[in-house]
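Q: Need coordinates for the following:
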Amino acid sequence: MKIKLFVLLSLAAVLFSCSPATRLEKSWADPSLTAETVKSFRKVLVVAPLKDETSQRIAEDKLVALLKNVEAVQSYLYLTAADTDQNQVVEKLKNDGFDGTILIRLKDVEKETTYQPGTSYGGWYGYRYATPGYYSENTSFLVETNLYSLDQGKLLWSGTTSSLNPTKLDKTIDDIFATLRYEWQKKGLIK
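A: As a prediction, the model looks like this:
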């Protein structure tokens, strides 16, 4: 009986450890959003206001590479320090042929501390084996992605991804965009 319990717990641990580090927590789509709406975009500005310029450039470059059927432009190549008024920026975008924007931003960082109790079990000849309990801390980065239509003047899609214990920026961004790509393909918004 103890062996069966041990096998089940081991299997659960393996399955849990293999679960994706990044997943879509929630998403919303405007009822008017269809594959045809997305196909109608000709030129999109990608904006990722992250903590430093290097991170911003990495994220924007990766998302532009993901968007194959539309002309996508990184904000660091287009916007200037003088572009601070939102209404003027929207007019500038429309005048330059942009019809959409994708905004990616770090929404929150959540930390959770959990306690794993120790175990104790009996051995042969009356020996007892024990492992001590320990605390572990998990950090989740919540990243929000929004797709806006400049022509319609509204938000068309919004989603929040959660990345558990990220260690490398490049890998985390790749995981986030893979999650977004999967969701958008599932909804038929991209191929």
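Q: after the lowest-mean-pLDDT helix or strand in the chain, next one along is what?
A: Ranked by mean pLDDT, DSSP states H and E, the helix or strand of the chain with the weakest confidence is helix 2-17, at a mean of 37. Helices and strands here follow DSSP states H and E; after helix 2-17, the next one along the chain is strand 22-29.
Q: what lines up beside that following strand in the sheet?
A: Strand 22-29 has the following strand partners under DSSP bridges: strand 154-164 (antiparallel).
Q: Determine the set of other helices and strands touching the helix ranked longest in the chain.
A: Taking DSSP state H as the criterion, the chain has its longest helix at helix 169-186. Counting contacts by 3 or more Cβ pairs under 8 Å, 6 or more residues apart in numbering; DSSP states H and E, helix 169-186 packs against strand 22-29, helix 53-66, strand 134-149, strand 154-164. Using the backbone N, CA and C atoms, a C-beta is placed for each residue, glycine as well.
Q: Now render these as JSON lines, adding mean pLDDT and distance to A82.
A: What follows is those, written out as JSON lines (pLDDT from 0 to 100; distance: least, Cβ to Cβ, whole Å):
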{"stretch": "strand 22-29", "mean pLDDT": "95", "distance to A82": "33"}
{"stretch": "helix 53-66", "mean pLDDT": "94", "distance to A82": "17"}
{"stretch": "strand 134-149", "mean pLDDT": "94", "distance to A82": "22"}
{"stretch": "strand 154-164", "mean pLDDT": "96", "distance to A82": "26"}
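Q: Format these as a markdown table; extra columns: mean neighbour count and distance to D83.
A: As requested, these are exported to a markdown table (neighbours: other Cβ atoms under 10 Å; distance: least, Cβ to Cβ, whole Å):
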| stretch | mean neighbour count | distance to D83 |
| --- | --- | --- |
| strand 22-29 | 15 | 28 |
| helix 53-66 | 17 | 15 |
| strand 134-149 | 16 | 16 |
| strand 154-164 | 18 | 20 |
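Q: That concludes my questions; thank you for your assistance.
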